[in-house]
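Engineer: predicted model and sequence below, questions to follow.
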Amino acid sequence: MKVVFVYADTPGELNTSVWRCKWPAEALARAGHSAALFFYGDWLKRRPIHIAWGAEADVIVYERIAMDHTLQDMRWWKRHGKKIVFSFDDAYDIMPDTIRTKEVWHKDGKSFGDKLITYFYDAMEIADAIETPSKLLSARYKANKALYIPNYPDLNNPNWGKPYPVRIPKRVGWAGGASHILSFTESGIIPVIQDMPITILGGHPKIIEKLNNCFHIKAVRHEYYPYILGQLGVGLAPLAGEFDQHRSWIKCLEYSLKGIPWVVTDAPPYEDCSHGGIKIENKTRRWKGAINYLLNNDISELIEEGLEWAWSQGIDDHIEERVKEYAAL
């Protein structure tokens, strides 16, 4: 199979595109297929290299960003017989007001000709299929052929297996993007962690300011991230609100890959995460009890179960699932 991935992230925000485009493209190549990776701003210029790859492609995957010129490009390649897949990983139509980019997606149409959410719906109509890493998100758009393709990590990066030299088993932590404000403020976890020593990788200032004993790491390059993550003793993953219900399983998976036991909200994103931690309802006393249990008991067996589960989720072991989905379009 020959696949072109048109990715959305700029170098400064490189994250989602790694999971949804870069790692799949590289895994396809390792499995004997042909795959190319182009930034959408370059791809839309249709230079000879883009035309050559597009002409040979069976499937062209466009990630997340849909504007008028993107839609025109989708239609152009579709007229030339190419299967078009529109890939995204959030429910942009129900973004909460706490996410700073909601203004761009839902209100500001001046910069793009129309609101991004309008182009988003148009892209789904043009595409032969949508593709998300969430069962709930894929099921949300029933009018479209929806593919559920989980986020699988590239375990060829040695930093997944390299231990951090000064890990603190009694230290809780969290890693993630700036869109998780409600995940913390509405889940009941803040009173538990407010005064605890905690490490936060990424996050949003509105969360950091609520934590009185926080070691904050603002940003880490994606290739080094697995190594830095390994300093945590217990991983947290609160979720709250409808938007959060449509996220993927990344946090449980990343924690377990590093042998970090976790406490997470019992919610759809973590439905298939059955090893390596504790799932709870969003109540402060539940967070407190689960965190204290992991900090004060022998949980070596739990950690080993998580490691075994997580290390069976490498993208190379699952890439043919993606090929099968694309071949059926």
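Structural biologist: Good, I have the coordinates. Numbers count the residues shown, from 1 in each chain.
Engineer: rest of the way, CA atoms for contacts and neighbours
Structural biologist: OK.
Engineer: where does the stretch 51-200 of the chain dip in pLDDT?
Structural biologist: 108-114, 143 (pLDDT under 70).
Engineer: all strands for it, in order.
Structural biologist: Secondary structure of the stretch 51-200 of the chain by DSSP state E, counting those that start in this stretch: the strands cover 59-63, 83-87, 129-132, 146-148, 172-176, 198-202.
Engineer: ok, residues contacting the shortest one?
Structural biologist: Where contact means CA atoms under 8 Å, 6 or more residues apart in numbering, the residues beyond strand 146-148 that reach it are 129-135, 138-139, 325.
Engineer: can you tell me the strand partners of that strand and which way each runs?
Structural biologist: strand 129-132 (parallel) (DSSP bridges).
Engineer: the fifth one too?
Structural biologist: Partner strands and pairing direction for strand 172-176 (DSSP bridges) are strand 198-202 (parallel), strand 234-237 (parallel).
Engineer: show me which parts of stretch 203-221 are buried, residue by residue.
Structural biologist: Residues of stretch 203-221 classed as buried by neighbour count (16 or more other CA atoms under 10 Å): 203-204, 207-208, 210-211, 214, 219.
Engineer: again but with stretch 142-153, I slipped
Structural biologist: For stretch 142-153, by 16+ other CA under 10 Å, it's 144-153.
Engineer: need the outlier residue of the protein, farthest from its centre.
Structural biologist: Going by CA atoms, centre = their mean, the residue of the chain most distant from its centre is P48, 32.0 Å out.
Engineer: for it, give its distance to C214.
Structural biologist: Separation of P48 from C214 (CA to CA, to the nearest Å): 51 Å.
Engineer: still on that earlier bit, just send the strands paired with strand 172-176 back as JSON lines, with distance to S183 too.
Structural biologist: Shown next, in JSON lines, are those (distance: least, CA to CA, whole Å):
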{"stretch": "strand 198-202", "distance to S183": "14"}
{"stretch": "strand 234-237", "distance to S183": "8"}
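Engineer: mean neighbour count and distance to V104 added to those, as CSV?
Structural biologist: Output for the strands paired with strand 172-176, formatted as CSV (neighbours: other CA atoms under 10 Å; distance: least, CA to CA, whole Å):
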stretch, mean neighbour count, distance to V104
strand 198-202, 21, 22
strand 234-237, 25, 27
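Engineer: now the helices: where do they sit in the stretch 51-200 of the chain?
Structural biologist: Secondary structure of the stretch 51-200 of the chain, counting by DSSP state H, counting those that start in this stretch: helices at 68-79, 102, 116-126, 135-140, 181-185, 190-193.
Engineer: so what does the last one touch, helix or strand wise?
Structural biologist: Read that as helix 190-193. helix 284-296 (3 or more CA pairs under 8 Å, 6 or more residues apart in numbering; DSSP states H and E).
Engineer: and the helix it packs on with strand 172-176, angle?
Structural biologist: Interaxial angle of helix 284-296 relative to strand 172-176 (axes from the mean of the first three to the mean of the last three CA atoms, to 10 degrees): 110 degrees.
Engineer: if we can go back for a sec, quick one: closest of the helices of the stretch 51-200 of the chain to D317.
Structural biologist: helix 135-140 (19.9 Å; CA to CA).
Engineer: ok, back up a step: distance to W311 added to the strands of the stretch 51-200 of the chain, as CSV?
Structural biologist: Conversion of these to CSV gives the following (distance: least, CA to CA, whole Å):
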stretch, distance to W311
strand 59-63, 26
strand 83-87, 25
strand 129-132, 22
strand 146-148, 20
strand 172-176, 19
strand 198-202, 22
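Engineer: list just the one of the ones you listed that sits closest to E242.
Structural biologist: Nearest to E242, of the strands of the stretch 51-200 of the chain and by CA to CA, is strand 129-132 at 16.4 Å.
Engineer: which of the residues in that closest one are classified as buried?
Structural biologist: Here strand 129-132 shows 129-132 as buried, counting by 16+ other CA under 10 Å.
Engineer: again, but for stretch 290-300
Structural biologist: 290-291, 294-295.
Engineer: which one of these is nearest I190?
Structural biologist: After measuring the buried residues of stretch 290-300 against I190 - CA to CA - the closest member comes out as I291, at 12.6 Å.
Engineer: give the contact list for the closest one.
Structural biologist: I291 neighbours (CA under 8 Å, 6+ apart): 234, 263.
Engineer: how close does it get to N15?
Structural biologist: On the measure of CA to CA, I291 and N15 end up 28 Å apart.
Engineer: in strands, which of the buried residues of stretch 203-221 fall?
Structural biologist: C214 (DSSP state E).
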